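>>> quick one: sequence and predicted model below, then my questions.
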Amino acid sequence: MGNIIVIGAGAAGMMAAIAAAQNGHQVTVLEKNEKAGKKIYITGKGRCNITNACDVEELFNNVVTNKKFLYSAFYGFTNDDVVAMLNDAGIETKVERGNRVFPVSDRAGDVISALVRIMKRLGVKIEYDTTVTELIVSHGGDTDFGNGSGAGNQSDDNKKTGRDIVTGVKCASGKTYPADAVIVATGGISYPTTGSTGDGYEFAQKTGHNVTDLSPALVPFNVAEEDVKELQGLALKNSGVMIYDGKKKLYEDFGELLFTHFGVSGPTVLSASSYVAKKIKDHPLKLVIDLKPGLDTEQLDARVLRDFEEFMNKNFNNALDKLLPKSLIPVVIKRSGIDEYKKVHEISREERMRLVNTIKNLEFTLTGLRGYNEAIITQGGVSVKDIDPSTMESKKVRGLYFAGEVLDLDAVTGGFNLQIAWSTGHLAGASV
């Protein structure tokens, strides 16, 4: 039986603790907040999008960064496995649009409570309001904790291998915890009010690990054009979304988009942010919205002609009610360059085609991402080159493991990021 310390009681940390305890280890979870799973509470708008019910290959397809690294993690603990674990703990689940899995109760708190119950049943000790400030690493000599537990044998092994080894952690209170292994599951730096303040990155760097460039991800965009404010609150259910860097298309999707007072948000845009985060740091990008993706240019022109025939004696600004949402009409008219008071029957074919082009290609300039306070996840993190993908153990420090968002791993929306946390956490806990 080993003495295992898990830093962080989020999704990855709780799953790591469960897996380690199932293997007979004595596990202590150190959590800086007053309760577990604080970030889980806000996932899925408070409902907890547990995972995605797609097949495993589709899980990989929705990972943005370092998907190959997740082979052992995803196959070792699948989306079906996490659902089965929660079902066994009394949490009924349901599958909604896009294969998103939620608890039937629609309460994230129920998922957290179930995980805490599992941990307690397995004898896991959770210490809240406990901030870890330092990893204690032996460089070949003994580390004296005053009680002799664990550290001595590890130091003997370290002398044989010449490799650094973690022997415990130190907390803000001054208290130290000896350990045979430490699992860092501290999250990223998105939503810092949940306790995600980048502690894990500091632990990694101080122990010789590389931390890749960090960026907010699954986050809304700022837009340059002032007329976006006229669209604030407008949600488009079925729109085509494309993002360009010059003439090069960086991203394309279809689905929901939301206009805000500062720019654009919604599922398609949030996912786009993960793919273009690095590019938009350097210069603005172009967003093109297809308001009628189900119609090609010719079909849309025919549709506009039918409406024009019906409203031929009306002013142009009164002829688009059947075609577009009310708040979009003034913006589209202005972008088309057609006089809003012009009679419909006076509109030329050239003007009509300008209208069609505006509807199919409503352009905005993306000037940057919103901040970490609005980002669902952090892109970047502890370099996976420093981590063994078959165990989640550091290649640099023996007995040190990393799991979840602290790693340079991220995916699009839909339950995929939580699955990364469940799978990497489970693999780390099962491997200690």
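Received it, and whenever you're ready, just let me know what you need.

>>> what is the neighbour count of residue 315?
Residue 315: 13 surrounding residues under other Cβ atoms under 10 Å. Yep, even glycine has a C-beta here, placed from its N, CA and C like the rest.

>>> who's in contact with it?
Neighbouring residues of residue 315 by Cβ atoms under 8 Å, 6 or more residues apart in numbering: 340-344.

>>> now with 7 Å?
340-343 (Cβ atoms under 7 Å, 6 or more residues apart in numbering).

>>> so what's residue 40 up against?
10-11, 48, 108, 111-112.

>>> could you redo the last one with a cut-off of 8 Å?
So residue 40 contacts 10-11, 48, 108, 111-112, 418 (Cβ under 8 Å, 6+ apart).

>>> can I get those in CSV including neighbour count, pLDDT and distance to residue 307?
CSV is the format used below for those (neighbours: other Cβ atoms under 10 Å; pLDDT from 0 to 100; distance: Cβ to Cβ, whole Å):
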residue, neighbour count, pLDDT, distance to residue 307
10, 29, 97, 52
11, 32, 97, 50
48, 29, 96, 44
108, 23, 96, 45
111, 28, 98, 48
112, 21, 97, 51
418, 30, 97, 45
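
>>> returning to what we had before: what's the closest of the contacts of residue 315 to residue 298?
residue 342 (23.6 Å; Cβ to Cβ).

>>> nearest spatial neighbour of that closest one, chain-adjacent residues omitted?
residue 316 (4.9 Å; Cβ to Cβ, 6 or more residues apart in numbering).

>>> what about the one you found, neighbour count?
22.

>>> over to it: give its phi and psi.
Note on residue 316: its backbone torsions stand at phi -50, psi -40 [degrees, to the nearest 10].

>>> and it, what pLDDT?
Listed pLDDT for residue 316 reads 97.

>>> what does the one 4 residues further on give?
Residue 320 is assigned a pLDDT of 96 by the prediction.

>>> picking up where we left off before, can you tell me which of the contacts of residue 315 is nearest residue 52?
Taking Cβ to Cβ as the measure, residue 340 is the one of the contacts of residue 315 closest to residue 52, at 44.8 Å.

>>> tell me the secondary structure at residue 15.
helix (DSSP: H, G, I helix; E, B strand; the rest coil).

>>> make residue 1 into 12 and carry on from there
Will do, 12 is the new start, and the previous item becomes residue 26.

>>> quick one, what contacts it?
With Cβ under 8 Å, 6+ apart, residue 26 has these contacts: 88, 93, 126, 414, 432-433, 436-437, 440.

>>> scan the residues you listed and report the most crowded one.
residue 414 (35 neighbours).

>>> contact partners for residue 335?
Counted by Cβ under 8 Å, 6+ apart, residue 335 has contacts 302, 343, 370.

>>> from memory the second one sits against residue 366, does it?
Meaning residue 343. Yes. Using Cβ atoms under 8 Å, residue 343 is in contact with residue 366, at 7.3 Å.

>>> for those two, indicate the residue with more neighbours.
Neighbour comparison, residue 343 and residue 366: the larger count goes to residue 366, with 23 against 19 (by other Cβ under 10 Å).

>>> on that earlier part again, from residue 386, how far out is the residue nearest to residue 353?
Remark: distance between residue 327 and residue 386 (Cβ to Cβ, to the nearest Å) = 41 Å.

>>> got it, and residue 334?
As judged by Cβ to Cβ, residue 334 and residue 386 stand 35 Å apart.

>>> settle it for me: which of those two has more neighbours?
Set residue 334 next to residue 386 and count neighbours by other Cβ under 10 Å: residue 386 wins out with 24 against 18.

>>> what's the burial count for the closest residue to that one other than its chain neighbours?
Among residues not flanking residue 386 along the chain, residue 227 sits closest, at 3.3 Å (Cβ to Cβ, 6+ apart). As a burial measure, residue 227 scores 25 neighbours (other Cβ under 10 Å).

>>> in which helix or strand would I find residue 227?
According to DSSP states H and E, residue 227 maps onto strand 226-228.

>>> dump the contacts of residue 51 to TSV, plus distance to residue 378.
Compiled in TSV, the contacts of residue 51 are given as follows (distance: Cβ to Cβ, whole Å):
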residue	distance to residue 378
21	32
22	33
59	33
119	33
122	37
123	37
429	30
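
>>> so residue 206 sits right up against residue 44, yeah?
Yes. Shown here, residue 206 and residue 44 form a contact pair, counting by Cβ under 8 Å, at 4.7 Å.

>>> quick check: neighbours shared by these two?
Going by Cβ under 8 Å, 6+ apart, no residue sits against residue 206 while also sitting against residue 44.

>>> would you mind listing where the stretch 12-161 of the chain has pLDDT under the threshold?
Within the stretch 12-161 of the chain, the ranges that satisfy pLDDT under 70 run 151-161.

>>> which SSE is residue 128 in?
helix 119-132.

>>> which secondary structure elements does the host helix or strand of residue 179 sit against?
According to DSSP H and E, residue 179 maps onto strand 175-182. If contacts are counted by 3 or more Cβ pairs under 8 Å, 6 or more residues apart in numbering; DSSP states H and E, strand 175-182 sits against strand 14-18, strand 143-149, helix 162-172, strand 187-189, strand 192-195, strand 408-409.

>>> go again with 7 Å.
Here strand 175-182 touches strand 143-149, helix 162-172, strand 187-189, strand 408-409, going by 3 or more Cβ pairs under 7 Å, 6 or more residues apart in numbering; DSSP states H and E.
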